[in-house]
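> any chance you can model this:
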Amino acid sequence: MDEELIWGMILGSSGLLVACWIWLGLPTMICPFHAITGIPCPTCGITRAFSSLFHGDPREAFLFNPLGLSVLLGIAIYLVYAGVVVVVKLPRLRWNPLSAKQKATLRLIVILIIAINWIYLIHHE
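You can find the predicted model right below:
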């Protein structure tokens with residue numbers, strides 16, 4: 001199974017679909033959590049960040065959701081990597097399995113990053 005080809009196609013086609021949706025000016029979904037509580041959810045602003053990035057304003061995209069922008073840029077980097085290794089048939093990058101302690105540490109780091117981003121979103125709304 002060629003994970004880079006599969007994930008590249010899924011992420012690439014999803015990105016194209018979102019870009020076309022924004023380009024056409026179609027309505028976007030209202031965040032149900034924000035609508036009910038008045039508090040932004042950890043992913044609030046990602047659609048606006050994508051739209052700002054699509055329109056060439058990375059600073060505004062960062063202000064809408066710093067973590068969302070980071071994820072979008074990470075996906076873009078992955079798509080370039082996947083495209084190159086699939087087309088040129090280069091060896092794929094693979095990670096060694098993580099130990100239980102490494103997995104726990106990684107989970108904690110991810111939770112902290114999401115929490116810090118959420119605090120930012122709450123205070124900058």
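> how far away is W95 from H55?
Going from W95 to H55 by Cβ to Cβ, to the nearest Å gives 35 Å. Where C-beta positions appear, they are placed from N, C-alpha and C, glycine not excepted.
> C-terminal to the worst-scoring helix or strand of the chain on mean pLDDT, what's the next element?
For the chain, the helix or strand with the lowest mean confidence is helix 46-54, at a mean of 86 (criterion: mean pLDDT, DSSP states H and E). Using DSSP states H and E, the helix or strand that follows helix 46-54 in sequence is helix 58-64.
> where along the chain do the helices fall?
Assigned helices in the chain, in chain order: 3-23, 32-37, 46-54, 58-64, 66-88, 100-123 (criterion: DSSP state H).
> what is the mean pLDDT for the last one?
For helix 100-123, the mean per-residue pLDDT is 96.
> contacts only, for the residue nearest the centre of the chain.
Central residue of the chain (Cα atoms, centre = their mean): V71, 3.0 Å from the mean position. By Cβ atoms under 8 Å, 6 or more residues apart in numbering, the residues touching V71 are I46.
> how many other residues sit next to A115?
Burial of A115 is recorded as 11 neighbouring residues (other Cβ atoms under 10 Å).
> swap in A82?
21.
> burial count for the closest residue to it other than its chain neighbours?
Excluding the flanking residues, the one nearest A82 by Cβ to Cβ, 6 or more residues apart in numbering is G8, at 3.4 Å. Close neighbours of G8, defined as other Cβ under 10 Å, add up to 19.
> over to M9?
By other Cβ under 10 Å, neighbour count at M9 equals 14.
> please report how far it lies from L98.
27 Å.
> buried set for stretch 60-68?
Neighbour counts over stretch 60-68 (16 or more other Cβ atoms under 10 Å) mark 61-68 as buried.
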